[in-house]
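J.: here is the input, now give the coordinates:
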Amino acid sequence: MKLRNQLLAVFCLLVFAAGGWLYVREWVVQKPFAIILFVSDGLTSRHLTAARLYENGAAHRLAVESFPHLALLRNPARDYAVPDDAAAATALATGTTVAHRTLSQDPAGRQLKTILDLARRQGRAIGLVSTGNLAAPGAAAFYAHSPDSRDRAASAAQLPGPATLDVILGGGAGDFLPEAKGGRRQDGRDLLAELQAAGWDLVRTKAELANAPTYRTASLAGFFSHESLAFNDQIESGSQQPALTDMVRRAIEFLQIRGSKGYVLIVDASLASTAAERNEGERVLTETIALDRAIKVATEYAGAKALVLAVGKHGTGGLSLNGYPLVTDHGVGLIGVNASGQPALTWATGPNGPAARSEPAAFLAPSALNTAEDVLAIGRGNGAEKLHGFLSNTEIFHILREAL
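T.: The predicted structure follows:
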């Protein structure tokens, strides 16, 4: 009788322990099925404020403003206090601070594991979307390793690497095609043909992307332009190029089916930086709004339990919205030159120079310079609560890794 009671007590203890473990696993530390990281140059408070006003006035709220967690990110490179695209993207992708022009490798030349590498090891589906060139540093840092980010041909050649992606959508086909086919590759390789030969489905237009079947087991590659994609204001109805919202929605639909253990999606929204480099202020605002709409689509399609982060890499150009617009001013009524000849939008550096009447730049430069500025990290979902106060940009990698 005594032995039976002891065995019964042990059994009850094991059942209780197992139940507690299941409770903790399923309800306390449950991992998000969907992990989505939006990365954008110029995701700063001044850009968000100006975009909010431009879209619909002072009473308007952007979708990202509903996210409950926020931090300011320090973002120095290993050699310079202000990062370039490669160093900033590598910090987010690998959790390591590197020098300018370095893509996801340490000073000794050793390859650094990216968040996509780790996600693949965990059995998750992985995807990469970019409004820019998929071989440019902002996107390439998540799959390529190089001592010189300017060598885009070398970055492109690493796309079918160890962490082969399930979905990759964006621009930059010129770095994947040989010169004989209108590309920029001098080694004669046709990487798009190689992807197809390896079993990838290749789409080149918005319609092909929309019609690509999600039940296919093949990975999906979409290249919609030889260079970066068109700005959002240039995409008209009937355009061959998809908008960022189109690419994000389709990527999520594919990854949800392919990732039985969940998925990680990286979204590189780079066109705001391209516009800033040219001192095109209105386009900076419209691209920021396009990013916000893509974030809204992601939260709707990925579900309430998804971990969604929106993170800046660096500031560019020092754009400011000046003066005293009315609370109802928005759109073109917000920007331009007022009756006194004062410009609403001004820049610190860039090609417009100080002589420009509209959007002048205090210092004339061939292209606007990156700025010393803490950038924003905004998030929702399990893990986003770690965003608070001042953080290093490398912390974003660790937040993502812990969520895997």
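
J.: ignoring the adjacent residues along the chain, who's closest to Gly331?
T.: Tyr54 (6.4 Å; C-beta to C-beta, 6 or more residues apart in numbering). C-beta coordinates here come from the backbone N, C-alpha and C atoms, glycine included.

J.: can you name the next helix or strand after the longest strand along the chain?
T.: For the chain, the strand with the greatest residue count under DSSP state E is strand 125-133. Proceeding N to C from strand 125-133, the next assigned helix or strand is helix 137-140, under DSSP states H and E.

J.: run through the neighbouring helices and strands of that next one.
T.: helix 85-94, strand 125-133, helix 152-156, strand 263-269 (3 or more C-beta pairs under 8 Å, 6 or more residues apart in numbering; DSSP states H and E).

J.: what's the shortest one packed up against?
T.: In this case it means helix 152-156. Under the contact definition 3+ C-beta pairs under 8 Å, 6+ apart, helix 152-156 sits against helix 137-140.

J.: ok now the helix it packs on, how far from the chain's centre?
T.: Distance of helix 137-140 from the chain centroid (C-alpha atoms, centre = their mean, to the nearest Å) equals 9 Å.

J.: just stretch 208-221 next, same as before
T.: Averaging C-alpha positions (C-alpha atoms, centre = their mean) puts stretch 208-221 21 Å from its chain's average.

J.: pLDDT on it, on average?
T.: Across stretch 208-221, pLDDT averages out at 89.

J.: which residues of the protein score low on pLDDT?
T.: Within the chain, the stretches with pLDDT under 70 are 1-29, 161-163.

J.: follow-up on the earlier one: and the helices and strands packed on helix 137-140 as a markdown table, adding distance to Pro32?
T.: Formatted as a markdown table, these follow (distance: least, C-beta to C-beta, whole Å):
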| stretch | distance to Pro32 |
| --- | --- |
| helix 85-94 | 18 |
| strand 125-133 | 14 |
| helix 152-156 | 29 |
| strand 263-269 | 10 |
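
J.: of all those, which one is nearest Glu373?
T.: Nearest to Glu373 among those is helix 85-94 (11.6 Å), distances taken as C-beta to C-beta.

J.: by contact count, what packs against that closest one?
T.: Applying 3+ C-beta pairs under 8 Å, 6+ apart, one finds that helix 85-94 makes contact with strand 34-40, helix 115-121, helix 137-140, helix 395-403.

J.: hey, which of these is tucked in deepest?
T.: Ranked by mean neighbour count, those are led by helix 137-140 with a mean of 30 (mean count of other C-beta atoms under 10 Å).

J.: picking up where we left off before, would you list the helices and strands packed on helix 85-94 in TSV and tack on distance to Ser155?
T.: Converted to TSV, the helices and strands packed on helix 85-94 look like this (distance: least, C-beta to C-beta, whole Å):
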stretch	distance to Ser155
strand 34-40	16
helix 115-121	14
helix 137-140	4
helix 395-403	19
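
J.: hmm, back to that, got a markdown table for the helices and strands packed on helix 137-140, with distance to Gly42 and mean neighbour count too?
T.: What follows is the helices and strands packed on helix 137-140, written out as a markdown table (distance: least, C-beta to C-beta, whole Å; neighbours: other C-beta atoms under 10 Å):
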| stretch | distance to Gly42 | mean neighbour count |
| --- | --- | --- |
| helix 85-94 | 11 | 29 |
| strand 125-133 | 13 | 27 |
| helix 152-156 | 22 | 23 |
| strand 263-269 | 10 | 28 |
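
J.: quick one: the helices in the stretch 151-300 of the chain?
T.: Using DSSP state H, counting those that start in this stretch, the helices of the stretch 151-300 of the chain run over 152-156, 191-197, 206-211, 244-258, 271-277, 281-302.

J.: buried stuff in the third one?
T.: Judged by neighbour count using 16 or more other C-beta atoms under 10 Å, the buried positions of helix 206-211 are Lys206, Leu209.

J.: name the residues that touch it?
T.: Leu169, Val203, Gly222, Phe224, Ser239, Gln240, Gln241, Pro242, Asp246, Met247, Arg250 (C-beta atoms under 8 Å, 6 or more residues apart in numbering).

J.: from the chain's centroid, how far away is the longest strand of the chain?
T.: Distance, centroid of strand 125-133 to centroid of chain: 8 Å (C-alpha atoms, centre = their mean).
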